[in-house]
Structure formats: structure tokens, C-alpha cells
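[1] Prediction below, plus the sequence it came from.
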Amino acid sequence: MLVVLAALIPLLGPSAALHGTGEAEAPGAGGIALLRTVLFAALCIPVGEVFVNRLARSVPGARTTPPDALRSWSPWAAAAGFLAALGLASVVATGNLVPGGLSDVDVGGLYASRDGKLALLEVNAFLVAGLCAVSRRPATQVLPLAAVIVAEALRAHPTTEHGPLTGSGLTLVHLTCAALWVGGLLHALRVLRLRRDPAGAALLGLYARVAVVLLAAITATGVCSSLRRMPPGTILEQLTATAYGRALLAKVLLVAVVAALALWARRRLRRAADPLTACTPARAEVAVLGLVVAVSGLLTALPVPIRW
């Protein structure tokens with residue numbers, strides 16, 4: 001039941017998380033949460049493709065698949081990320097309010113604020129990433145995608161916050177590892193649809209070994225970030241009494257389910273007669289990871305209970 005409730009929170013939006021907390025919902029919070037979810041998903045897909053393609057180079061026989069057999073999703077992801085970043089930039093340009101029309105958007109004002117400059121950086125970075133994705137060297141999109149991650153890390157921790165550089169560093173590692181984990185698993189499963197052979201199983205096993213390190217880094221940075229915003233003495237109360245705490249609790253529950261599915265897939269890789277049967281729990285893992293991405297987008301639209 002807890003897992004079902006955790007899955008419903010991102011689907012029902014900010015109103016469900018804010019219900020009964022006494023906290024006010026920011027204008028357009030639902031739309032902002034949706035745009036952030038699209039932006040995070042658009043970041044994960046190309047990062048995962050570059051990551052898994054690089055892993056495949058160390059697997060014998062994994063590169064024999066015809067290049068055109070598996071169409072890249074990176075250009076479409078970059079286009080979705082560009083539109084999401086553009087929508088978020090329009091909100092920043094109107095003073096963090098939902099614009100009623102084009103006349104309400106002050107594009108020039110974006111250059112006058114820190115948040116505006118970061119929003120413009122994300123828009124331009126996704127545009128460049130899309131151009132790189134359709135070029136002869138799609139791996140070069142790593143650079144603009146890294147710029148998006150840096151911008152998100154800086155945006156999440158304003159200068160008025162205590163120790164903003166520490167928070168940005170934690171978010172930088174957390175978001176990078178999450179993008180590699182989510183996007184990498186998605187692309188690895190796409191590759192396995194074409195490679196039902198030992199090379200495909202070897203690729204999934206190699207990804208699984210790296211994913212253990214990624215999960216450890218995500219857990220460590222997530223715990224540290226949570227303790228910075230919700231000190232140990234108040235964290236139990238805030239997990240149920242604040243919207244941010246409820247969404248964070250939902251994320252923790254969903255990540256626990258993901259970890260259990262990952263463990264199940266890893267056991268099948270090692271012990272099953274056919275290692276590729278690990279694809280079944282891995283596909284379920286991707287589905288739950290999609291909910292985790294949605295919760296992450298929702299967290300950015302909720303009021304943060306900062307208590308120093």
C-alpha cells in the first residue's frame with residue numbers, strides 16, 4: 001500500500017502532496033513539475049545512450065549490430081528538453097509566474113537574474129545537444145548535457161542558501177549518477193531487443209556492475225542533501241507533515257522497489273540458465289524509475305522546508 005501511495009503522489013501532482021500541510025501551492029506548480037519531469041527524462045535518454053555505447057566497446061562482439069538497426073532517441077529527447085527548458089525559462093521571465101501571453105514574457109529580463117541566465121543556459125544547451133546528436137559525432141553531446149546538469153545543480157541551490165556550493169556539488173553528483181542509471185538501463189534494454197546472445201548478456205552484466213556504484217553514490221548524496229534541508233531532529237515529522245517530505249518519502253519508497261528489482265535482475269544474470277531472463281525485472285525497474293523521475297520533477301515544484 002505504501003508503494004501504491006508513493007506511485008500516486010507524482011501522478012496526482014502537487015495538490016496531493018500539499019493536502020493538509022497548510023503550505024501554499026505556488027502558481028503553476030503542476031505545470032512546472034511536468035516540465036521538470038520532461039527535462040529530467042530528456043537528460044537521461046542521451047546520457048544513457050552515450051554511456052551504454054561506451055560500455056559496449058569493451059564487450060567482444062557487441063559492436064557488430066548494424067548502426068541503423070537501433071535508431072537513436074537522442075534528437076527527440078533534445079527537442080523535448082529544449083521545449084521544456086523554454087517553458088521553464090518563460091516562467092522565470094515573468095517573475096516565476098505562469099505567463100498569460102507572449103506580452104507577459106520579458107526575455108531581456110532573463111539576463112538580469114541568476115535564475116534567468118541558468119534557464120537560458122539550459123535552453124541553449126539542449127539546442128546544441130540536438131545538433132550534436134544528428135551530427136557525425138553524437139558523443140559530443142556530452143558537453144552541452146553536462147552544462148544542463150551543472151545549471152540544474154546551481155539552480156537548485158540559490159546563493160541565499162547556507163553552503164550553496166556544497167548543495168550544488170551534491171546535486172551535481174546525484175543528478176549525473178541518476179541520469180547514467182536511468183538512461184543507461186533504458187538503452188541497454190533497447191540494445192538487448194536486438195542482441196539476444198552472449199554479447200548482449202555480457203553488456204547487461206557490465207552495466208549491472210557499474211549500476212551498483214551509481215546506486216551507492218545516489219543514495220549517499222540523496223541522504224546528505226535531505227539532511228541539509230531536513231535536520232535529523234525534524235526529519236521524521238517533516239516526512240509526513242510537509243509536502244516536500246511526503247514527496248521525498250515517496251521517492252525513497254520507489255527507489256527501494258527499484259533496488260529490489262535490480263537485485264532480482266542481478267541474481268538472474270548470475271544464476272539463471274539463460275542470463276537474458278534478467279530483462280523481465282529490468283523492464284519493471286525502468287517503469288518504476290520513470291515514476292522516480294516524475295517524483296524528482298515534483299520535488300522541484302514544492303516548497304522546500306529549509307530549517308537551519
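    Perfect, thanks for sending it.

[2] from here on, contacts and neighbour counts on C-alpha atoms
    OK.

[3] Pick out the residue nearest the middle of this protein.
    In the chain, the residue lying closest to the centroid (Cα atoms, centre = their mean) is F40, at 4.2 Å.

[4] Okay, helices next: where are they in the stretch 51-200 of the chain?
    All helices of the stretch 51-200 of the chain, identified by DSSP state H, counting those that start in this stretch, fall at 74-93, 114-133, 142-155, 164-192, 198-229.

[5] Packing partners of the fourth one?
    With contacts taken as 3 or more Cα pairs under 8 Å, 6 or more residues apart in numbering; DSSP states H and E, helix 164-192 sits against helix 29-56, helix 142-155, helix 198-229, helix 279-299.

[6] residues of it that come out buried?
    164, 167-189, 191-192 (16 or more other Cα atoms under 10 Å).

[7] In the stretch 101-250 of the chain, where is pLDDT below threshold?
    101-104 (pLDDT under 70).

[8] In contact with L253, which residues?
    2-3, 6 (Cα atoms under 8 Å, 6 or more residues apart in numbering).

[9] Among those, name the ones in strands.
    Counting by DSSP state E, none of the members of the contacts of L253 fall within strands.

[10] Put the buried members of the residues you listed into a PyMOL selection.
    Buried members of those, defined by 16+ other Cα under 10 Å, are picked up in PyMOL with:
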select buried, resi 6
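
[11] how close does the residue nearest to L127 when sequence neighbours are not counted sit to L154?
    Nearest residue to L127, sequence neighbours excluded (Cα to Cα, 6 or more residues apart in numbering): F82, at 6.1 Å. As judged by Cα to Cα, to the nearest Å, F82 and L154 stand 19 Å apart.

[12] Those two: which is more packed in?
    F82 (24 against 21; other Cα atoms under 10 Å).

[13] The more buried one: what's it in contact with?
    39, 122-124, 126-127.

[14] re the thing from before, can I get the contacts of L253 in TSV with pLDDT and distance to P27?
    Formatted as TSV, the contacts of L253 follow (pLDDT from 0 to 100; distance: Cα to Cα, whole Å):
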residue	pLDDT	distance to P27
L2	80	29
V3	82	29
A6	82	24
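
[15] quick one on the thing from earlier: what's the closest of the helices and strands packed on helix 164-192 to A17?
    helix 279-299 (9.2 Å; Cα to Cα).

[16] sec struct for the residue of the chain most remote from its centre, please.
    Going by Cα atoms, centre = their mean, the residue of the chain most distant from its centre is A273, 33.7 Å out. Following DSSP: H, G, I helix; E, B strand; the rest coil, we place A273 in the coil state.

[17] what do you get for W264?
    W264 ends up helix, using three-state DSSP.

[18] So for the closest residue to it other than its chain neighbours, what's the pLDDT?
    Spatially, and ignoring its direct neighbours in sequence, W264 is nearest to P281 (6.7 Å; Cα to Cα, 6+ apart). Listed pLDDT for P281 reads 89.

[19] you'd agree P281 is up against L263?
    No: at 9.0 Å, P281 and L263 do not qualify as touching, with contact defined as Cα atoms under 8 Å.

[20] contacting residues around D274?
    Counting by Cα under 8 Å, 6+ apart, D274 has no contacts.

[21] State the distance from it to I9.
    D274 is 37 Å from I9, by Cα to Cα.

[22] Show the contacting residues for the residue nearest to A84 when sequence neighbours are not counted.
    Computed as Cα to Cα, 6+ apart, the closest residue to A84 that is not its neighbour in sequence is L35, at 5.1 Å. Going by Cα under 8 Å, 6+ apart, L35 touches 84-85, 87-88, 297.

[23] And for R196?
    L276.

[24] neighbours around the residue lying closest to L118 once chain neighbours are set aside, how many?
    If the residues on either side of it in the chain are set aside, L118 comes closest to A151, at 5.6 Å by Cα to Cα, 6+ apart. A151 has 21 neighbours, counted by other Cα under 10 Å.

[25] So A151 sits against L120, correct?
    No: using Cα under 8 Å, A151 is not in contact with L120, being 9.6 Å away.

[26] follow-up on the earlier one: what would the contacts of L253 look like in JSON lines with distance to H19?
    Formatted as JSON lines, the contacts of L253 follow (distance: Cα to Cα, whole Å):
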{"residue": "L2", "distance to H19": "17"}
{"residue": "V3", "distance to H19": "19"}
{"residue": "A6", "distance to H19": "15"}
